[in-house]
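**Student:** sequence and predicted structure below; questions after.
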Amino acid sequence: MMQNRLSRRNMLMISGASLSLAGGVFGIRALVGMPKPVRWYGEALGAFSSITLWHPDSKVASRAIQKMLVEVDRLDQVFSLYRPDSEINALNREGRLAHASLDLLEVMETSRLVSELSGGAFDPTIQVLWRLLSLGGALRSNDEEVRRARALIDYSSLAVAGRSVAFAKPGTQISMNGIAQGYITDRITEILGNEGFESAMIELGELRALGSNPNGGAFRVGLVDPRSPTGIDTEIELRSALAVSGGYGMEFGTAADHHILDPRNGKSATGLLQVAVEADKAVCADALSTAIYVVGESGALPLLAGFPGARARIVRQNGSSALIQ
């Protein structure tokens, strides 16, 4: 279910693109009479990332981006699985945190909600199994290592009391990679809005638009064709947040064994080819796209009902698509 380093960023293309980013393309055409965009490209939570701002004064935009990068680094220190001293890694090593950050607690609460609504199809405690399989473990129910890892998957075993967080099952580990990228995207978007920016595109693991395209219209986003990930399947107008999940993002040896696992059986989800979720917030779109990919088309509507305004575009295994809202 959860994603590994640099595995999901090949699922979007933004129109007017000219710069390569993670197997897809990201870029927005400079418009005649409009200020030239100021862009930053880098990495956050193991995903290729970018911030694009429009402002009459490029120096103001550049300073804002540097300020945002300080906040991105702070949040990376909370959620990253690749920084040994991160808050998540401390919890995974010790099995408890006496004073968890408010950021971690907020993401855990949203994660718990999606876990409950999906009947465990979204579960952050899948990390031990995910790591085992990503290192070459086989998806076999009789494999002893896989059996032990699967026994640790239980979102309800994550106990939160005030600022204290602990695992009820020793050896449990979590990954917030299926939701924290959306939270960071939201955080940066909201700070920029509070500082007066009216037009921006933030891609920090997930995608969120601030305001509109500088010409006054909506940003247009191309969704990668899951059957041929080098091409665009369809374009949509993006006015809020978008997250995309597809098993083609990373394989565990074969196309059938990919990185989006169903926590309920420990196997790669196979019902759909792609799920793209639009929502008011990227943190919700992030978790929902993964959860819907796992539960499949029949379980999408009940999940979306818990998040008013959210909608999902699914691509079935036969290549047909549907919009669910």
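**Tutor:** Nice, thanks for sending it over.

**Student:** identify the bridge partners of A209.
**Tutor:** A209 has these beta-bridge partners by DSSP bridges: M201.

**Student:** how close does it sit to Q317?
**Tutor:** Per CB to CB, to the nearest Å, A209 is found 30 Å from Q317. The way it works is simple: take the backbone N, C-alpha and C, and place the C-beta from them, glycine included.

**Student:** quick one: which of those two has more around it?
**Tutor:** When neighbours are counted by other CB atoms under 10 Å, A209 comes out ahead of the other of A209 and Q317, with 22 against 11.

**Student:** I'd say that one and R220 touch.
**Tutor:** No - with contacts counted by CB atoms under 8 Å, A209 stays clear of R220, the gap being 10.3 Å.

**Student:** between these two, what contacts are shared?
**Tutor:** Here A209 and R220 share the contacting residues L238, scored by CB atoms under 8 Å, 6 or more residues apart in numbering.

**Student:** and the next element down the chain from the top helix by length along the chain?
**Tutor:** Longest helix in the chain by number of residues, with DSSP state H as the criterion: helix 58-79. Once helix 58-79 ends, the next helix or strand along the chain (criterion: DSSP states H and E) is helix 87-94.

**Student:** returning to what we had before: for the longest helix of the chain, name the packing helices and strands.
**Tutor:** If contacts are counted by 3 or more CB pairs under 8 Å, 6 or more residues apart in numbering; DSSP states H and E, helix 58-79 sits against strand 38-44, strand 47-53, helix 87-94, helix 102-117, helix 180-194.

**Student:** and the contacts of it?
**Tutor:** 35-36, 38, 40, 42, 44-45, 49, 51, 53-55, 83, 85-88, 101, 103-104, 107, 176-177, 180, 183-184, 187-188, 191-192, 195, 197, 204.

**Student:** contact partners for the residue nearest the centre of the chain?
**Tutor:** Nearest to the mean C-alpha position of the chain, counting by CA atoms, centre = their mean, stands D286 at 4.2 Å. Applying CB under 8 Å, 6+ apart, we find D286 in contact with G178, I179, Q181, G182, Y183, T185, G205, E206, A243.

**Student:** same question for S111.
**Tutor:** F122, P124, Y155, M176, I179, A287.

**Student:** just put the helices and strands packed on helix 58-79 in JSON lines and tack on distance to P214 and mean pLDDT.
**Tutor:** Shown next, in JSON lines, are the helices and strands packed on helix 58-79 (distance: least, CB to CB, whole Å; pLDDT from 0 to 100):
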{"stretch": "strand 38-44", "distance to P214": "12", "mean pLDDT": "89"}
{"stretch": "strand 47-53", "distance to P214": "10", "mean pLDDT": "90"}
{"stretch": "helix 87-94", "distance to P214": "37", "mean pLDDT": "97"}
{"stretch": "helix 102-117", "distance to P214": "31", "mean pLDDT": "97"}
{"stretch": "helix 180-194", "distance to P214": "15", "mean pLDDT": "96"}
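
**Student:** what helix or strand is V165 located in?
**Tutor:** With elements taken from DSSP H and E, the one containing V165 is strand 164-167.

**Student:** in that strand, what's buried?
**Tutor:** Under the neighbour-count criterion of 16 or more other CB atoms under 10 Å, strand 164-167 has V165, A166, F167 buried.

**Student:** give me the low-pLDDT residue ranges for this protein?
**Tutor:** Within the chain, the set of residues satisfying pLDDT under 70 comprises 1-35, 136-142, 248-258.

**Student:** list the contacts for the nearest residue in space to the residue nearest to the centre of the chain that is not next to it in sequence?
**Tutor:** For D286, ignoring the flanking residues on the chain, the nearest one in space by CB to CB, 6 or more residues apart in numbering is G182 at 3.0 Å. By CB under 8 Å, 6+ apart, G182 lies in contact with G205, E206, A241, A243, K281, A282, V283, C284, A285, D286, A287.
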